[in-house]
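Colleague: quick one: sequence plus predicted model below, questions after.
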Amino acid sequence: MAAHRASSFRGISSPSPRGDGGDDDDDRRRPPSPPPPFSISSSSDHRAASSGRSGGRRGAAAASSSSGAEQPRHHQRATQQPRQSSRRKLAQDVRNRALSRKALMENDAMVYLDGPQVYTCGECRTHLTSHDDIISKSFHGRHGRAYLFDQCVNITTGPAEDRVLITGLHSVSDIYCKRCRTLVGWTYARAYEPSQKYKEGKYIVEKMFLHMEESDYYEAGRPA
């Protein structure tokens, strides 16, 4: 029995095949080390973490999509502004050309008087009459002093109507500047008083609507 124990003891304490003495025996006698601790997390924590990760992904995707959407809009605005400005410029050029053609046609239809003193419209400087055509300066109009002229040019005439003036009943028509349509006076179509017959076919132009242009370069020819 003692021999058997000794043999078994010898078998246990016999050197290991690795040849490191009794270290193997100490390892066997040493108690096993406990497993590493692990944390127990609830299902709510897992859901919060997963929702946080998914929310971050969605936020990044939304940010990228919004930035991608804003970039084309900004580019579209930047491209639309030059187009709109070019369209406005083209429309303005068309209007300017139309006004230029209209002005040329009006200028071609206007009469230009020659002389040292020419009366023009006070608004647009269109020639109306000459100083040589004055018959009388002792007339009064709606706005004060007026002149009686033998003839006028570049005017349009309104319909005739009877008016009682200072010198009696007359049939008169208002006259307007042909260019700016300003009411400058009237013309006598008919005078009912025999003493006023000299006014028929003559023109009254109010002084406040007249502007005199004087020419220093006009040379009058000597009489023969």
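Modeller: Received, thanks. Predicted model only: the values in this text are computed from it and were never measured. Numbers count the residues shown, from 1 in each chain.
Colleague: C-alpha only now, for contacts and for neighbours.
Modeller: OK.
Colleague: run through who's touching stretch 187-198.
Modeller: In this structure, residues lying in contact with stretch 187-198 by CA atoms under 8 Å, 6 or more residues apart in numbering are 160, 167-175, 199-204.
Colleague: what subset of the residues you listed is buried?
Modeller: Neighbour-count burial (16 or more other CA atoms under 10 Å) applied to the contacts of stretch 187-198 gives 160, 170-175, 199-200, 202-204.
Colleague: related to what we said a few turns ago, what is the nearest of the contacts of stretch 187-198 to Glu123?
Modeller: Ile175 (14.6 Å; CA to CA).
Colleague: which stretches in the chain count as strands?
Modeller: Per DSSP state E, the chain carries strands over the ranges 117-121, 127-130, 134-141, 144-149, 155-165, 168-177, 183-191, 203-206, 210-214.
Colleague: closest one to Arg97 among those?
Modeller: strand 168-177 (23.5 Å).
Colleague: just to revisit the earlier point, nearest to Asp93, of the contacts of stretch 187-198?
Modeller: Nearest to Asp93 among these, with distances taken as CA to CA, is Ile175, at 34.0 Å.
Colleague: give the contact list for the closest one.
Modeller: Counting by CA under 8 Å, 6+ apart, Ile175 makes contact with 155-158, 183-187.
Colleague: low-confidence ranges, this protein, go.
Modeller: Scanning the chain with the threshold set as pLDDT under 70 gives 1-80, 100, 102-108, 216-224.
Colleague: what's the span of stretch 128-141 from first residue to last?
Modeller: Taking CA to CA, to the nearest Å, the first and last residues of stretch 128-141 lie 17 Å apart.
Colleague: picking that back up, can I get the contacts of Ile175 in CSV with neighbour count?
Modeller: Formatted as CSV, the contacts of Ile175 follow (neighbours: other CA atoms under 10 Å):
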residue, neighbour count
Ile155, 21
Thr156, 15
Thr157, 16
Gly158, 14
Leu183, 19
Val184, 22
Gly185, 23
Trp186, 21
Thr187, 24
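Colleague: wait, isn't Met212 in contact with Gly115?
Modeller: No - using CA atoms under 8 Å, Met212 is not in contact with Gly115; the gap is 11.2 Å.
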